[in-house]
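Q: Structure for this input, please:
(one chain, ligands or ions: 1)
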Amino acid sequence: MIFKKPNAPDASSNESSDVSQNESQYASQDASQDVSKDVSQDVSQDVSKAQSSDENQRKLVEDTLKYFDSIYPEPKCGLTFQDPYELLVATILSAQCTDARVNQITPHLFKAFPNVESLAGASIEAILDLIKSCGLYRAKAKNLKLTAQKIVTEFKGKVPGKLEDLITLPGVGRKTANVVLGDAFGIPALTVDTHLGRLSRRLGFSRRDDANAVEADLMKIIPQPLWTRFSHQAINHGRQICRARKPACIDCKLNLCPSRVI
Ligand code: SF4
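A: The predicted structure follows:
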């Protein structure tokens with residue numbers, strides 16, 4: 001739109017060319033001032049919205065950590081283990097299987113194969129026989145043997161204590177590796193399973209579905225020394241209260257949760 005200055009000559013006069021150029025300048029200056037005013041208003045609104053949403057998130061993270069400490073004061077891994085070898089084996093077995101079922105299986109498995117070397121030398125049939133009450137047992141038996149063999153040949157018989165090494169083992173993804181790092185080696189690690197992923201999205205700590213992406217989002221807002229502890233607490237909360245189908249919000253004290261339904 002062209003805005004005409006008061007007393008400006010008619011566009012049909014001889015001066016029209018220069019003047020209309022001037023008019024255009026005025027018009028575009030006015031328009032650009034308006035636009036830049038709008039833009040700066042938008043930007044400052046966006047900045048203050050972002051600041052307030054950062055502020056809300058900080059408060060919700062703080063509340064969540066305090067609340068979890070009050071209801072889950074001594075969180076720990078649900079799998080029974082004595083050392084990194086046992087935890088690695090138990091965690092591989094726990095995919096699509098309850099911790100309780102794994103804890104029933106592992107005493108027999110560790111009696112038959114008490115260390116990495118004995119598991120590496122076991123026949124697949126012997127492993128299968130001991131783990132067949134667990135879901136996906138064929139694939140797990142194969143992975144357990146291959147993992148044990150790789151630890152013997154590439155890591156001198158010791159379960160590696162680094163994420164980049166652990167994830168090279170057959171059947172070991174980032175989640176399993178983080179369980180081992182956090183609970184067997186005492187290295188802070190976030191274990192994003194189905195419960196922690198769901199809870200993170202409901203609390204607004206992440207908007208993403210991919211477990212690795214959720215882990216990256218949580219790393220930015222949960223203090224590192226608390227990663228392992230927070231993972232166990234959140235998994236407990238997801239199992240007991242913030243359940244997948246029907247979260248028991250009435251029993252949850254996280255009043256700032258954006259997904260709260262009462
Ligand atoms: S308020 Fe409800 S949705 Fe939010 S964390 Fe608690 S149980 Fe889950």
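
Q: Not counting sequence-adjacent ones, nearest residue to residue 238?
A: Distance criterion CB to CB, 6 or more residues apart in numbering; nearest residue to residue 238, sequence neighbours excluded, is residue 195 at 2.7 Å. From N, CA and C alone the C-beta is placed, and that goes for glycine too.

Q: Where does that neighbour fall, secondary structure wise?
A: Using DSSP states H and E, residue 195 sits in helix 194-203.

Q: What of residue 142?
A: Assessed by DSSP H and E, residue 142 sits inside helix 137-154.

Q: next one: residue 229
A: Per DSSP H and E: helix 227-240 holds residue 229.

Q: Which residue, other than its chain neighbours, is closest to residue 93?
A: Computed as CB to CB, 6+ apart, the closest residue to residue 93 that is not its neighbour in sequence is residue 102, at 4.8 Å.

Q: Could you report the pLDDT at that neighbour?
A: pLDDT recorded at residue 102 is 98.

Q: Thought residue 90 was touching it, still the case?
A: Yes: the criterion here is CB atoms under 8 Å, and residue 102 meets it with residue 90 at 5.3 Å.

Q: So what's the residue count around residue 101?
A: For residue 101, the neighbour count with other CB atoms under 10 Å is 15.

Q: what's around the closest residue to the ligand within the stretch 51-200 of the chain, how many residues?
A: Closest to the ligand within the stretch 51-200 of the chain is residue 199: 6.1 Å, counting by CB to the nearest ligand atom. Neighbour count of residue 199, defined by other CB under 10 Å: 25.

Q: show me the contacts for it.
A: Listed by CB atoms under 8 Å, 6 or more residues apart in numbering, the contact set of residue 199 reads 234, 237, 238, 242.

Q: Just the pLDDT at it, thanks.
A: Residue-level pLDDT assigned to residue 199 equals 98.

Q: Now stretch 142-152: buried residues?
A: 143, 144, 145, 147, 148, 149, 150, 151, 152 (16 or more other CB atoms under 10 Å).

Q: Now for those: which two are most distant?
A: Taking CB to CB as the measure, these span a maximum distance of 14.8 Å, between 143 and 152.

Q: got the phi/psi numbers for the closest residue to residue 96 other than its chain neighbours?
A: Once flanking residues are discounted, residue 96 sits nearest to residue 135: 4.3 Å by CB to CB, 6+ apart. When read as degrees, to the nearest 10, the backbone of residue 135 gives phi -60, psi 150.
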